[in-house]
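In: just the structure for this:
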Amino acid sequence: MPATRRPSPRRWNALPALVRDAPPRVLLVVGGVVVVLGALIVSRPLTSIVLLGLYVGASAVVMGVLELVGRPAGWWARAVSAAWIVAGVAVLVWLGRSLELLPPVLAVLLVIGGLASIGRAVSRGTASARVLSLAWGVAQVALGLLSFTWPDVTVLVLAVVFGVRTIVFGVGIFARGVVGIRRPRPRATPFDPERAVRRRRARAGWAAAGRYALSLVLVATAAGGWWLNDWLDDGAPVVDAFYNPPAEVPSGHGRLIRSDAYSGRLPENGDVTRILSTTRDALGRPAVSSALVVVPKDPPPGPRPVIVWNHGTTGVAQGCAPSLRDASATKWSIPALEQALQAGWVVVASDFSGQGAPGAYPYLIGEGEARSSLDAVLAAGELRADLTLSPDTVVWGHSQGGHAALWTTAIAPDYAPGIDVLGTAVVAPVADPPALARELLSGPPNAMLSVITSWVLVPYSRTYPDVHLDDYIAEGSRSIVLEMTQRCPSEPGVVVSVLTALGVSEDRPLYSADLTDGALGRRLAENAITRPLGTPMLVAWGADDEVIPPRLQREYVDRLCSEGQPVRWATYAGYDHLRPILPKSRFLPVLFDWTKDLIERRNQVVDGCGLR
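Out: Next up is the predicted model:
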């Protein structure tokens with residue numbers, strides 16, 4: 001009986017074919033080098049991405065050539081061999097042009113390898129070998145497709161897959177060298193055919209059992225990957241058709257395009273409507289933004305005062321809009337909301353352009369944020385015939401929204417002269433983006449800081465033509481940085497961003513330049529709120545704020561006082577970044593009473609500069 005040809009283990013790697021008949025000492029050296037190479041690829045994916053590409057590209061070309069020279073049987077084998085050569089050449093060519101093209105090509109190689117393994121399972125081998133080839137092929141195809149689903153982790157997934165496989169190959173080659181050196185000389189012993197048969201059967205049985213076990217592991221891994229993908233997709237927010245603006249919108253800014261009922265939880269004392277309105281972006285170009293309008297259930301007669309609420313950071317992707325979230329119109333998201341509604345005030349909470357509605361999101365870009373907020377108020381005035389909004393307006397904001405609130409008050413007289421801003425209350429505001437950037441970057445790098453940095457850098461690069469993303473990021477990391485901006489902190493997919501940042505943080509920083517220098521530094525400085533607002537201000541922060549150092553808030557208040565700006569301030573011991581705006585916070589009665597006195601024109605202490 002002719003010997004059955006064993007399934008070739010050479011896919012993805014030409015080395016086993018090239019060193020099959022090498023001397024043992026050569027096998028030791030080659031195996032050690034390959035193990036080190038695999039470990040480098042796994043542990044340092046960004047640093048070794050060029051090395052990974054060269055290794056995989058050259059190996060793919062050699063493997064394809066060896067398969068063709070070996071006269072492959074059937075059109076499938078010839079097609080796969082040709083695909084290996086084409087893909088390998090593509091990797092080698094694109095390496096010199098753009099590392100961003102490398103991960104997708106490597107994912108394609110992963111799929112090709114999987115198809116080749118499936119072909120081998122169909123064509124030849126023992127039952128256990130066919131099952132293993134099929135399982136390995138399916139797993140490779142699944143991992144390749146998942147790599148396209150999560151582009152930012154493609155480099156990490158492929159580094160692990162290629163690197164681990166390389167380590168396994170290296171260990172195997174090294175082990176062959178060790179066996180070759182230690183193999184004793186054959187002794188002349190009587191041949192026992194029955195004993196030889198038993199040994200072959202035992203080895204075959206153990207080998208088959210190992211193949212089946214490995215097959216189960218591979219299938220479970222592939223299934224787990226797809227389950228995880230579905231779970232992450234299900235947790236991502238869905239932007240419905242309401243947010244897609246029509247081809248023609250009303251001319252001018254602050255015009256209502258459409259309105260609809262809000263599907264999330266409602267406050268006890270109010271009704272909530274989501275609106276879509278015209279606005280302008282940070283550079284003055286026409287844009288569209290969405291917002292929530294919260295109206296008291298039984299508003300008193302006459303024009304209603306307005307509270308403009310500017311939300312804190314929720315991410316920078318279109319799906320991160322607060323109006324898409326279930327609890328955005330409750331007291332857990334808007335401070336003192338129920339008290340404001342009981343007082344008969346209307347609360348307008350903008351998403352800012354680029355969230356909900358398509359467009360560039362103005363993260364910490366003052367005029368873009370402020371225009372969205374002011375235009376939401378103007379559009380809310382068109383919402384109901386039985387509702388009239390008073391010009392009397394008080395602006396509130398938290399964190400990023402504090403930055404937006406300060407800019408809203410600063411540009412209101414020129415941009416929306418019909419809105420009379422009586423005062424501005426900000427909690428833990430980002431008043432000085434460059435100072436915050438310097439403070440955050442002075443500490444040790446961490447995964448969450450990498451994510452937040454992408455939220456600043458990408459919107460700035462999309463808004464300002466002189467801010468170029470590639471000037472500030474490490475080579476080969478564009479897909480990672482961009483994908484970080486596509487996930488929201490409230491969705492489970494943000495875990496992928498954090499894990500990706502963790503995966504590369506041990507390798508090298510994602511950001512290769514000083515973010516406070518160059519064009520980005522200048523633009524950050526432009527978005528610091530340096531001018532006095534002229535109207536009363538209330539500034540509060542937690543003494544244990546873990547996001548924005550309290551020292552920056554004290555410095556901001558000192559600067560306001562030195563410039564003659566009337567400001568009342570308060571710091572709360574034991575409070576972190578979010579606690580001041582949550583229910584039962586000691587700050588909420590202060591916020592409500594301060595706002596009520598402004599609206600009712602009552603005398604109050606509006607300047608606390610002399611109380612420090």
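
In: can you map out the helices along the stretch 301-450 of the chain?
Out: 337-342, 366-380, 400-415, 433-441, 447-463 (DSSP state H, counting those that start in this stretch).

In: hey, which helix or strand in this structure has the poorest pLDDT?
Out: Here the helix or strand of the chain ranked lowest by mean pLDDT, DSSP states H and E is helix 15-18, holding a mean of 55.

In: for the helix or strand just after it, list the C-alpha coordinates in CSV.
Out: With elements assigned by DSSP states H and E, the helix or strand that comes after helix 15-18 is helix 24-43. Written as CSV, here are the backbone C-alpha positions of helix 24-43 (Å, rounded to 0.1, in the frame of the first residue of the first chain):
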residue,chain,number,x,y,z
PRO,A,24,20.6,19.2,14.0
ARG,A,25,22.9,22.1,15.0
VAL,A,26,21.4,24.2,12.2
LEU,A,27,17.9,23.3,13.5
LEU,A,28,18.9,24.5,17.0
VAL,A,29,20.1,27.9,15.7
VAL,A,30,17.1,28.4,13.3
GLY,A,31,14.6,27.3,16.0
GLY,A,32,16.1,29.7,18.6
VAL,A,33,16.0,32.6,16.2
VAL,A,34,12.4,31.9,15.2
VAL,A,35,11.3,31.7,18.8
VAL,A,36,12.8,35.1,19.6
LEU,A,37,11.2,36.5,16.4
GLY,A,38,7.8,35.3,17.5
ALA,A,39,8.2,36.6,21.0
LEU,A,40,9.1,40.0,19.6
ILE,A,41,6.1,40.1,17.4
VAL,A,42,3.7,39.2,20.2
SER,A,43,5.2,41.5,22.8
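
In: how about helix 24-43: buried residues?
Out: Within helix 24-43, the residues that count as buried by 16 or more other CB atoms under 10 Å are 27-28, 30-31, 34-35, 37-42. From N, CA and C alone the C-beta is placed, and that goes for glycine too.

In: any idea how far whichever strand or helix holds Val138 is from the middle of the chain?
Out: Using DSSP H and E, Val138 sits in helix 127-149. In terms of CA atoms, centre = their mean, to the nearest Å, the centre of helix 127-149 is set 28 Å apart from its chain centre.

In: next one: stretch 401-411
Out: 26 Å.

In: ditto for stretch 357-372
Out: 19 Å.

In: give me the below-cutoff pLDDT ranges for the stretch 501-612 of the chain.
Out: 501-509, 610-612 (pLDDT under 70).

In: quick check: phi and psi on the residue nearest to the spatial centre of the chain?
Out: Taking CA atoms, centre = their mean, the centroid of the chain lies closest to Met484, which sits 2.1 Å from it. Per-residue torsions, Met484: phi -60, psi -30 (degrees, to the nearest 10).

In: and what of Pro445?
Out: phi -70, psi 150.

In: hang on, the earlier thing: okay, the helix holding Val138 in PDB with CA atoms only?
Out: What follows is helix 127-149 as a C-alpha-only set of coordinates in PDB (Å, rounded to 0.1, in the frame of the first residue of the first chain):
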ATOM      1  CA  ALA A 127     -10.100  11.600   9.900                       C
ATOM      2  CA  SER A 128      -8.500  13.400  12.900                       C
ATOM      3  CA  ALA A 129      -6.100  15.300  10.600                       C
ATOM      4  CA  ARG A 130      -9.000  16.400   8.400                       C
ATOM      5  CA  VAL A 131     -11.000  17.600  11.400                       C
ATOM      6  CA  LEU A 132      -8.000  19.500  12.700                       C
ATOM      7  CA  SER A 133      -7.400  21.100   9.300                       C
ATOM      8  CA  LEU A 134     -11.000  22.100   9.100                       C
ATOM      9  CA  ALA A 135     -11.100  23.500  12.600                       C
ATOM     10  CA  TRP A 136      -7.900  25.500  12.100                       C
ATOM     11  CA  GLY A 137      -9.200  26.800   8.700                       C
ATOM     12  CA  VAL A 138     -12.500  27.900  10.200                       C
ATOM     13  CA  ALA A 139     -10.700  29.600  13.100                       C
ATOM     14  CA  GLN A 140      -8.300  31.500  10.800                       C
ATOM     15  CA  VAL A 141     -11.200  32.700   8.600                       C
ATOM     16  CA  ALA A 142     -13.200  33.800  11.700                       C
ATOM     17  CA  LEU A 143     -10.200  35.700  13.100                       C
ATOM     18  CA  GLY A 144      -9.500  37.300   9.800                       C
ATOM     19  CA  LEU A 145     -13.100  38.500   9.400                       C
ATOM     20  CA  LEU A 146     -13.200  39.700  13.000                       C
ATOM     21  CA  SER A 147     -10.000  41.700  12.300                       C
ATOM     22  CA  PHE A 148     -11.900  43.700   9.800                       C
ATOM     23  CA  THR A 149     -14.800  44.200  12.300                       C
END
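
In: please, which helix or strand holds the closest residue to Pro24 other than its chain neighbours?
Out: Leaving out its chain neighbours, the residue that sits closest to Pro24 by CB to CB, 6 or more residues apart in numbering is Gly180, at 3.2 Å. Assigned by DSSP H and E, Gly180 belongs to helix 154-182.

In: the next helix or strand after that helix: how far from the chain's middle?
Out: Counting by DSSP H and E, the next helix or strand C-terminal to helix 154-182 is helix 193-235. Taking CA atoms, centre = their mean, one finds helix 193-235 lying 34 Å from the centre of the chain it belongs to.

In: packing partners for the next helix-or-strand element following helix 193-235?
Out: Following helix 193-235 in sequence order, the next helix or strand is strand 256-261 (DSSP H and E). Judged by 3 or more CB pairs under 8 Å, 6 or more residues apart in numbering; DSSP states H and E, strand 256-261 is in contact with strand 270-280, helix 366-380.

In: want to throw these into a markdown table with mean pLDDT, distance to Leu214 and mean neighbour count?
Out: As requested, these are exported to a markdown table (pLDDT from 0 to 100; distance: least, CB to CB, whole Å; neighbours: other CB atoms under 10 Å):
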| stretch | mean pLDDT | distance to Leu214 | mean neighbour count |
| --- | --- | --- | --- |
| strand 270-280 | 98 | 52 | 23 |
| helix 366-380 | 98 | 54 | 27 |
